[in-house]
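> Provided below are the primary sequence and the corresponding predicted coordinates.
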Amino acid sequence: PQKLDLPNQDLIVAVAIDTQILLEMYEEDEDELLEKHWARLGEILAAHQNIPWKIIVGHHPIASWGLHGGAQGGIKGVFRYGVGIMQDLKDGDYKKFRKRLASIMKKHDVRLYLSGHDHNLQLIALDQYDPELLALDSGYFQLVSGSAGKLSSVDKDHKAIATYDAQNGFVRLDVNKKTC
């Protein structure tokens, strides 16, 4: 984990995590390395407990109504959604990652996780997505911003707060004393 240098550091702290490495550590059963990683993330967040906005940034989402969350039809979709591959939310190791990150968010009051991976824009209330696994109350959110380079669809029956998959885009997040 790496704390990012941002303006308004008295209002916001953002910590980047390498989610691909984490997924690979789960797949290889690298429990000792995983514990070191999660402990370091917890230390960084604890050192900034009085900052109003805490954000974790990673490539892989913990919730998605896009392709990696199962929004694909046909035989390929049945396989991906039913069996799962390492890059999809239904994969067993990916579920372990999602559960652990959600527990850290709750413990350290991190209300926003910013990710990409799915090639669209989504704002998801995390208490409305896989509540048994994530176990988060209302007020926790994920923002998926992965459509700058290419596009993929969002499940039409999604329960996201907002989605956009019609054209390329990105998310801009402004934080100031009025928004905190």
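Yep, that arrived.

> Mind pulling up the pLDDT for the residue sitting nearest the centre point of the chain?
Taking C-alpha atoms, centre = their mean, the centroid of the chain lies closest to Pro61, which sits 3.4 Å from it. Note for Pro61: predicted pLDDT of 96.

> Could you say which helix or strand holds it?
Using DSSP states H and E, Pro61 sits within no helix or strand.

> quick one: contacts for the closest residue to it other than its chain neighbours?
Computed as C-beta to C-beta, 6 or more residues apart in numbering, the closest residue to Pro61 that is not its neighbour in sequence is Ser115, at 4.1 Å. Every residue, glycine included, has its C-beta placed from N, CA and C. Neighbouring residues of Ser115 by C-beta atoms under 8 Å, 6 or more residues apart in numbering: Thr19, Val57, Gly58, His59, His60, Pro61, Ile62, Gln142, Leu143, Val144, Ser145, Gly146.

> for Ser147, same thing?
Counting by C-beta under 8 Å, 6+ apart, the residues that Ser147 touches are His119, Asn120, Leu121, Tyr164, Asp165, Gln167, Asn168, Gly169, Phe170.

> hang on, the earlier thing: how about TSV for the contacts of Ser115, with distance to Val110 and secondary structure added?
Shown next, in TSV, are the contacts of Ser115 (distance: C-beta to C-beta, whole Å; DSSP: H, G, I helix; E, B strand; the rest coil):
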residue	distance to Val110	secondary structure
Thr19	15	helix
Val57	11	strand
Gly58	12	coil
His59	17	coil
His60	16	coil
Pro61	15	coil
Ile62	12	coil
Gln142	11	strand
Leu143	13	strand
Val144	16	strand
Ser145	17	strand
Gly146	20	coil
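
> hmm, which of the residues you listed are the buried ones?
Among those, those classed as buried by neighbour count (16 or more other C-beta atoms under 10 Å) are Thr19, Val57, Gly58, His60, Pro61, Ile62, Gln142, Leu143, Val144, Ser145, Gly146.

> Among these, find me the one that's closest to Met105.
Nearest to Met105 among the buried ones among the contacts of Ser115, counting by C-beta to C-beta, is Ile62 at 8.5 Å.

> Phi first, then psi, for that closest one.
When read as degrees, to the nearest 10, the backbone of Ile62 gives phi -100, psi -10.
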